[in-house]
Structures are given as structure tokens and as C-alpha cells.
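this one's sequence-less:
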């Protein structure tokens, strides 16, 4: 009502739950506002807003170094995704050419604890943790 709109100071907020699934990762949404009077007259205005996908995030931690031949322990926190996405698979690229792939069930069973043995020392390795949902891999 006009009174409700006045109480809100003319501003109405809305939280879009998720972008449309797919690789584009942004979805245009059309907002339509209709104002009507007591005589049956009305007018409409529209605005297009792009809803962008937000990639899921997770905290990753582990030691800064490990001795070759000894298991390196990696901890991965819970994935945080503000959208309504369902993660279907995960992977860890250990930085030495080795990649481990996990189903969602395997990932959950691991409870955030993963290990890897590096065979050769004196090398800097970059570990990359990825997940795939309806919008692609992140």
C-alpha cells in the first residue's frame, strides 16, 4: 500500500537466491513496479538487474613445509556458497601433477582432512582445491 511504501521511505529490498544455472554466471532479472490508484488507473516501470553468481569459498590450511616421503596433511573447511547451488564433485591438485577427484559423498566422508605424500623435495608446490556445481568449476 501507499502507507507501507511511505514507511519504507520509498525503498524496497529483495535478496535474489541464485543466478540461473550455467556457465554464464550472471542472470538478468526484470523487476516490475506497478502503481495503481482508486480510479483503476495504473502505470508500470521496469528495471533489469543482473544477478551474478558468487563462487563458493572454503578455508584451506596446512603446514608451510613437509619432508619428502612424509604425509602432508591438508585441512579444508566447509564450502560456503550464498546461492542455492549443489556441489557435485571436488578435486585437489597437489601441485606435483597429482590430482585427486572426489564425489560429494567421498568429500563429506573425509570431513575436511586430506593427505598426500610428495616424493621429491626442494620444490614449491601450489595446492588447488576445486568444486563443481551447476554453474561450473571453482
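Thanks, I have the structure now. Bear in mind that the values here come from a model prediction, so they are computed numbers and not experimental data.

list the contacts of the one residue sitting closest to the centre of the chain.
Geometric centre of the chain, nearest residue: residue 56, 2.3 Å, by C-alpha atoms, centre = their mean. By C-beta atoms under 8 Å, 6 or more residues apart in numbering, the residues touching residue 56 are 79-81, 85, 87, 131, 133, 138. Using the backbone N, CA and C atoms, a C-beta is placed for each residue, glycine as well.

which entries within those meet the buried criterion?
Taking 16 or more other C-beta atoms under 10 Å as the criterion, what is buried in the contacts of residue 56 is 79, 81, 85, 87, 131, 133, 138.

mind checking how far the first one is from residue 127?
So that's residue 79. Noted for residue 79: a distance of 16 Å to residue 127, by C-beta to C-beta, to the nearest Å.

list the strands paired with the one helix or strand in the chain whose mean pLDDT sits lowest, with their directions.
Within the chain, no helix or strand scores below strand 136-137, which has a mean of 79 by mean pLDDT, DSSP states H and E. Strand pairing for strand 136-137, determined by DSSP bridges: strand 128-133 (antiparallel).
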